[in-house]
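**Q** predicted model, plus sequence, below.
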Amino acid sequence: MSSTPALAHRTPVPSSPAPRQPAQVPPPVTPGLRGLLTLAVGVVVIASLYFGREVFIPLVLAVLLSFVLAPVVAFLRRIRLGRVPSVIVAVLLALGVILGIGAVIGTQVATLAGDLPRYQATVQTKIAGLQEGVLGRANRLLQRINHQVHDASQKASAAGTTAATHPGGETPKAQLVRVQEPDPSPLTLAHNILGPIVEPLTTVGIVLVVVIFLLMQREDLRNRLIRLFGSSDLHRTTVAMDDAAGRLGTYFLAQLGMNAAFGLLIGIGLWLIGVPSPILWGVFAALMRFVPYIGAFIAGLLPVALAAAVDPGWSMAVWTALLFLVAEPLFGHVIEPLLYGHSTGLSPFAVIVSTLFWGFLWGPVGLILATPFTVCLVVLGRHVESLEFFDVLLGDRPPLTPVENFYQRMLAGDPDEARDLGEQMLKERSLSSYYDEVALKGLQLAANDYARGVVSGAQLENIKTSCQNLVEDFEGRPDEEPKQEDKSGGPADVPSLAEQAHPKNEAVPGLAPPPEQRAPAWRGESPVLCIAGRGPLDEAASTILAQLLRKHGLGARTVPHEAVARGRIGELDLSGVAMVCISYLDISGSPAHLRYLLERLRRRAPEVTILVGLWPVGERVLTDAALGRELGADVYVSSLRDGVEACLKAVDATQDRPEAA
């Protein structure tokens with residue numbers, strides 16, 4: 001419990017709220033040494049990635065290729081081929097695919113280069129036709145305006161040219177100078193010819209060698225990383241590594257298959273349309289589709305231009321453009337979500353920003369590697385508390401926790417959106433769990449802000465009204481466990497740190513027995529009376545408890561705190577009441593108010609069972625039995641679920657008595 005001076009910040013809520021002093025805004029905090037050190041480390045890392053890209057790119061490509069080949073190696077080992085032969089066969093298979101794609105591209109490019117003069121003639125004919133039409137007339141008009149401007153500028157500078165002439169009246173003639181470069185040496189010729197070929201082959205060789213070592217020592221490298229980064233928490237480190245491996249493996253395999261199907265569709269479509277070298281453009285489209293959003297459309301520019309150069313008309317170019325405009329949305333918005341959904345866990349904003357960032361650092365290779373790198377950052381943010389901002393900024397999970405979302409919507413007076421968020425959560429948890437883990441905690445945030453003076457009286461009334469509307473909307477929903485769909489438990493289902501802080505509880509089991517099987521005191525229409533505490537939002541919590549009791553077969557009604565005040569408790573209607581439930585979101589270190597209330601209730605109805613719900617976990621009265629007896633209640637609970645169970649147990653304890661027959 002908090003200290004006694006906190007009482008100065010809490011006032012009862014009268015009919016017209018008392019004015020509050022405006023909250024003081026603390027001065028801005030200057031960045032500490034740790035923040036500056038983090039910034040310096042970030043700058044050094046980015047600079048190292050930029051200037052060391054010649055070293056990092058082959059290593060990263062090798063790591064990503066190892067994720068693709070790992071299932072192949074696992075399959076070969078399952079058929080008892082052995083670790084070393086399995087790795088060699090998988091790498092040779094990958095090398096064959098790479099060389100095969102390179103050979104196909106080279107052959108197609110050579111064939112296309114031989115037909116370029118014919119395509120050039122077609123393009124010149126189309127340009128001439130355009131020049132004779134509207135474009136030609138517009139071009140001639142622009143040229144006429146340009147000549148007029150040029151003539152005017154020459155006339156204006158005619159006087160200046162006279163002063164710059166030779167004293168003899170003649171302008172000196174310009175002399176032609178020709179610079180002749182020496183003939184290149186054989187070494188220079190070899191470098192110019194073989195350089196563009198040797199460099200990619202060297203990179204491929206380095207990548208394959210690193211892939212072999214990664215696949216051969218995969219388990220050993222995993223154990224070393226665990227020892228280096230997470231030996232103090234093996235469980236979290238193992239989950240994080242499995243999550244990263246699962247996400248990257250799922251992403252690459254699904255994306256590789258999807259892009260290959262996209263390239264096959266493009267190649268077949270271009271072959272049917274009649275565009276030359278359809279295999280080349282199909283392979284190019286499959287590779288470019290690794291670049292998010294714009295890669296497929298960029299891949300379509302060259303085939304469209306080639307179709308315009310081949311066909312004397314424009315029909316081939318139009319059909320080619322339509323092929324890309326239809327195929328990419330079909331794959332991106334229909335087929336991919338149906339097959340593997342959001343396997344990466346990234347938001348669209350994160351994909352765009354990461355593409356720009358890694359494209360700037362590493363060029364075209366960075367465009368392809370942007371999404372895998374960002375997936376790794378999101379996984380780190382999902383499991384490492386100090387890096388949680390990566391998950392918030394780049395992940396596709398909701399940026400606010402369910403409690404924060406509830407409070408923010410209540411504060412904005414928008415119960416409709418709050419209900420929509422609640423409906424989504426109720427697909428996975430019971431109503432009592434939603435009320436306990438989200439609604440009550442959101443109301444506690446509001447009560448704390450009101451006590452600090454940052455929530456006005458008008459905003460408080462907004463929260464009360466919105467909460468009341470939300471509870472009324474859920475009046476017809478039973479408190480039971482929803483039917484869970486069969487999930488694969490893949491990496492996308494791993495909860496974030498914020499979601500792990502709000503576990504779900506099971507629904508309250510069972511219903512109250514029928515009225516004829518209860519004791520006479522419990523046979524009334526509303527045997528439970530829910531009384532609100534003296535806090536500003538305790539009445540909302542009391543309303544929620546009464547609704548849950550009704551859903552489990554116990555009639556309940558609510559009364560405000562003013563109804564049990566000293567001067568009005570004698571007017572309180574206790575007819576047919578067998579149990580009283582008092583709700584407190586916060587007693588603010590002043591149990592004396594609660595003790596006096598319990599004394600008044602005992603004098604008014606000594607035979608009634610009294611339950612006190614102290615919803616904030618950690619109140620001392622919940623664990624201190626002596627303090628509980630001193631206050632005078634029969635039962636103390638810290639959750640709505642426990643409150644409903646206590647009421648049901650009270651009914652069960654009386655139904656077997658002789659007078660209940």
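**A** Noted; the coordinates are in hand.
**Q** which helices and strands sit right next to the helix or strand that contains Val379?
**A** If you go by DSSP states H and E, Val379 is part of helix 364-383. Counting contacts by 3 or more CB pairs under 8 Å, 6 or more residues apart in numbering; DSSP states H and E, helix 364-383 packs against helix 53-78, helix 234-273, helix 348-362, helix 388-394. For every residue, glycine as well, the C-beta is placed using N, CA and C.
**Q** got a list of contacts for stretch 355-365?
**A** Outside of stretch 355-365, the residues within contact range by CB atoms under 8 Å, 6 or more residues apart in numbering are 46, 49-50, 53, 56-57, 61, 291-293, 366-367, 369-371, 373.
**Q** and of the helices and strands packed on helix 364-383, who's closest to Phe213?
**A** Closest approach to Phe213 among those is made by helix 53-78 (8.6 Å; CB to CB).
**Q** show the average pLDDT along that closest one.
**A** Mean pLDDT, helix 53-78: 84.
**Q** beyond it, next helix or strand please.
**A** Next along the chain after helix 53-78, taking DSSP H and E as the criterion, comes helix 83-114.
**Q** next one: that next one to chain centre, how far?
**A** In terms of CA atoms, centre = their mean, to the nearest Å, the centre of helix 83-114 is set 37 Å apart from its chain centre.
**Q** how about the contacts made by the nearest residue to Arg595 once chain neighbours are set aside?
**A** Spatial nearest neighbour of Arg595, excluding adjacent residues (CB to CB, 6 or more residues apart in numbering): Leu631 at 5.0 Å. Residues near Leu631 by CB under 8 Å, 6+ apart: Pro591, Leu594, Arg595, Leu598, Val612, Val621.
**Q** and the furthest pair within these?
**A** Maximum pairwise distance among those (CB to CB): 11.5 Å, between Leu598 and Val621.
**Q** joint contacts of those two?
**A** With CB under 8 Å, 6+ apart as the test, Leu598 and Val621 both reach Val612, Leu631.
**Q** distance of the nearest residue to Ile101 once chain neighbours are set aside relative to Gly96?
**A** In space, and not counting its chain neighbours, Ile101 is closest to Val283: 5.9 Å by CB to CB, 6+ apart. Distance of Val283 to Gly96, given as CB to CB, to the nearest Å: 15 Å.
**Q** mind checking which of these two has more residues around it?
**A** The neighbour comparison of Val283 against Gly96 (other CB atoms under 10 Å) goes to Val283, with 22 against 10.
**Q** my guess is the more buried one contacts Gly106, does it?
**A** No: the pair Val283 and Gly106 does not pass the contact test of CB atoms under 8 Å, sitting 11.2 Å apart.
**Q** care to break this structure down by domain?
**A** Split into domains by automatic domain parsing, the chain comes to 36-135+197-216, 233-394, 400-482+500-507, 515-660.
**Q** and Ser583, which of the three is it?
**A** Assigned with DSSP: H, G, I helix; E, B strand; the rest coil, Ser583 falls in the strand class.
**Q** which residues are in contact with it?
**A** Cys530, Ile531, Ala532, Gly533, Asp538, Ala541, Ser542, Leu545, Gly613, Trp615 are the contacts of Ser583 under CB under 8 Å, 6+ apart.
**Q** please flag which of the residues you listed sit within helices.
**A** Asp538, Ala541, Ser542, Leu545 (DSSP state H).
**Q** nearest to Glu516, of those residues?
**A** For those, the nearest to Glu516 is Leu545 (25.2 Å; CB to CB).
**Q** just checking, Pro292 touches Ile368?
**A** No: applying CB under 8 Å, one finds Pro292 not in contact with Ile368, separated by 9.6 Å.
**Q** the most centrally placed residue in the chain - nearest residue in space that isn't next to it in sequence?
**A** Nearest to the geometric centre of the chain sits Asp396, at 1.4 Å (CA atoms, centre = their mean). Using CB to CB, 6+ apart and skipping the chain neighbours, the partner closest in space to Asp396 is Ser347 (4.8 Å).
**Q** wait, that neighbour sits on Gly395?
**A** Yes: the pair Ser347 / Gly395 is scored as a contact, 6.5 Å apart, by CB under 8 Å.
**Q** so for those two, which residue has more residues nearby?
**A** Legend: neighbour count by other CB under 10 Å for Ser347 and Gly395, higher for Gly395 (23 against 18).
**Q** is the more buried one in a bridge, and if so with what?
**A** Beta-bridge partners recorded for Gly395 (DSSP bridges): Leu346.
**Q** just checking, it touches Ala350?
**A** Yes: here Gly395 reaches Ala350: they are 7.3 Å apart, a contact under CB under 8 Å.
**Q** overlap of the contact sets of the two?
**A** In contact with both Gly395 and Ala350: Val378, using CB under 8 Å, 6+ apart.
**Q** follow-up on the earlier one: may I ask which two of the contacts of stretch 355-365 are separated the most?
**A** The widest separation within these (CB to CB) is 24.7 Å, between Phe56 and Tyr293.
**Q** want to throw the helices and strands packed on helix 364-383 into TSV with distance to His150 and mean neighbour count?
**A** Formatted as TSV, the helices and strands packed on helix 364-383 follow (distance: least, CB to CB, whole Å; neighbours: other CB atoms under 10 Å):
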stretch	distance to His150	mean neighbour count
helix 53-78	47	17
helix 234-273	46	18
helix 348-362	41	17
helix 388-394	54	17
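**Q** let's have those helices in CSV, adding distance to Ile212.
**A** Formatted as CSV, the helices and strands packed on helix 364-383 follow (distance: least, CB to CB, whole Å):
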stretch, distance to Ile212
helix 53-78, 9
helix 234-273, 18
helix 348-362, 24
helix 388-394, 32
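**Q** which one of those lies nearest to Val310?
**A** Counting by CB to CB, Val310 lies closest to helix 234-273 out of the helices and strands packed on helix 364-383; the figure is 9.9 Å.
**Q** among the contacts of stretch 355-365, which one lies nearest to Gly524?
**A** The shortest approach to Gly524 among these belongs to Thr371, at 63.3 Å (CB to CB).
**Q** next one: the closest one, what pLDDT does it get?
**A** Listed pLDDT for Thr371 reads 77.
**Q** strands along the protein, start to end?
**A** 528-532, 556-559, 579-584, 609-614, 635-637 (DSSP state E).
**Q** could I get those as a markdown table with mean pLDDT and distance to Val211?
**A** Below are these laid out as a markdown table (pLDDT from 0 to 100; distance: least, CB to CB, whole Å):
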| stretch | mean pLDDT | distance to Val211 |
| --- | --- | --- |
| strand 528-532 | 92 | 66 |
| strand 556-559 | 92 | 67 |
| strand 579-584 | 92 | 63 |
| strand 609-614 | 89 | 60 |
| strand 635-637 | 89 | 59 |
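**Q** can you put the ones you listed in CSV and add distance to Pro200?
**A** What follows is the strands of the chain, written out as CSV (distance: least, CB to CB, whole Å):
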stretch, distance to Pro200
strand 528-532, 75
strand 556-559, 75
strand 579-584, 71
strand 609-614, 70
strand 635-637, 70
